[in-house]
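Asks: attaching a predicted model along with its sequence, questions to come.
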Amino acid sequence: MASPAVVEVRRSQRRRRMVSARREGDTVIVFIPGWMSEAEERRWVDEMVSRLEKSEAKRRSPGRHGDGALLDRCLELSKRYLGGRATPASVRWVPPMRTRWASCTPQDRTIRISERLREAPGWVVDYVLVHELAHLLAPGHDDYFWSLVHHYPRTERAIGYLEGLSAAAGLGLVGTDGEDLPDADEEPEAEDEAAAGVG
């Protein structure tokens, strides 16, 4: 990830020993105790921005870097959640689809993932990949298909994230294959935040 465009420091007299940081859009907000010197502030700002970026990088999908990495990630997810039974012939990023996040053609075992998901958290991309891998074992959206998909532990959370992303962008997208998504009953995962004790 590129360095943040803007870093904002917020001092608090109530804050005694903790320094924390979080991203709000393109801005990284660093919260520090009011007693810190300018030198300590600079050191902690650099440290917290670095920690936040590392935390965000961990959340990103390893498949983000290209089609080969996407295929490798699929094979890893298939092994972990589907007993290695779903083996795609190819997996690739494609230009944004009009009505889907991704699609699968079971006949030739190909999976296509919308470029819209390149910046989504890794756990969301992993859900989409598991969803498409499950189609290699169950082409429809029956109970068996959903039982396979739910082997991925963040399924409901990822569905909620995708629904929110679609609504926020006014895309009107539904599921990965155009199907209506089941209701999500969990909140989307909180944004990354880094924190450290000082003193």
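Replies: Now that the structure is in, tell me what you want to look at.
Asks: all helices for this structure, in order.
Replies: Along the chain, the segments classed as helices by DSSP state H run 38-59, 67-81, 122-137, 143-149, 155-169.
Asks: among those helices, which gets the worst mean confidence?
Replies: With a mean of 80, helix 38-59 has the lowest mean pLDDT of the helices of the chain.
Asks: what is that helix packed up against?
Replies: When contacts are defined as 3 or more Cβ pairs under 8 Å, 6 or more residues apart in numbering; DSSP states H and E, helix 38-59 packs onto strand 6-12, strand 18-24, strand 27-33, helix 122-137, strand 193-197. Yep, even glycine has a C-beta here, placed from its N, CA and C like the rest.
Asks: at 6 Å what do you get?
Replies: Secondary-structure packing of helix 38-59 (3 or more Cβ pairs under 6 Å, 6 or more residues apart in numbering; DSSP states H and E): strand 18-24, strand 27-33, strand 193-197.
Asks: chain center to that helix, what's the gap?
Replies: Taking Cα atoms, centre = their mean, to the nearest Å, one finds the center of helix 38-59 at 20 Å from the center of the full chain.
Asks: may I have that helix as PDB, with CA atoms only?
Replies: Provided in PDB are the C-alpha atoms of helix 38-59 (Å, rounded to 0.1, in the frame of the first residue of the first chain):
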ATOM      1  CA  GLU A  38       7.400  17.000  19.100                       C
ATOM      2  CA  ALA A  39      10.200  14.500  18.700                       C
ATOM      3  CA  GLU A  40       8.200  11.800  20.500                       C
ATOM      4  CA  GLU A  41       5.200  12.700  18.300                       C
ATOM      5  CA  ARG A  42       7.200  12.300  15.100                       C
ATOM      6  CA  ARG A  43       8.600   8.900  16.200                       C
ATOM      7  CA  TRP A  44       5.200   7.600  17.300                       C
ATOM      8  CA  VAL A  45       3.400   8.900  14.200                       C
ATOM      9  CA  ASP A  46       6.000   7.000  12.000                       C
ATOM     10  CA  GLU A  47       5.600   3.900  14.100                       C
ATOM     11  CA  MET A  48       1.800   3.900  14.100                       C
ATOM     12  CA  VAL A  49       1.500   4.600  10.400                       C
ATOM     13  CA  SER A  50       3.800   1.700   9.800                       C
ATOM     14  CA  ARG A  51       1.800  -0.600  12.100                       C
ATOM     15  CA  LEU A  52      -1.500   0.400  10.500                       C
ATOM     16  CA  GLU A  53      -0.100  -0.200   7.000                       C
ATOM     17  CA  LYS A  54       1.200  -3.700   8.000                       C
ATOM     18  CA  SER A  55      -2.200  -4.500   9.600                       C
ATOM     19  CA  GLU A  56      -4.000  -3.500   6.400                       C
ATOM     20  CA  ALA A  57      -1.600  -5.400   4.200                       C
ATOM     21  CA  LYS A  58      -2.300  -8.600   6.200                       C
ATOM     22  CA  ARG A  59      -6.000  -8.200   5.400                       C
END
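Asks: correct me, but W101 touches S114?
Replies: Yes - W101 sits in contact with S114 when judged by Cβ atoms under 6 Å, with a separation of 5.3 Å.
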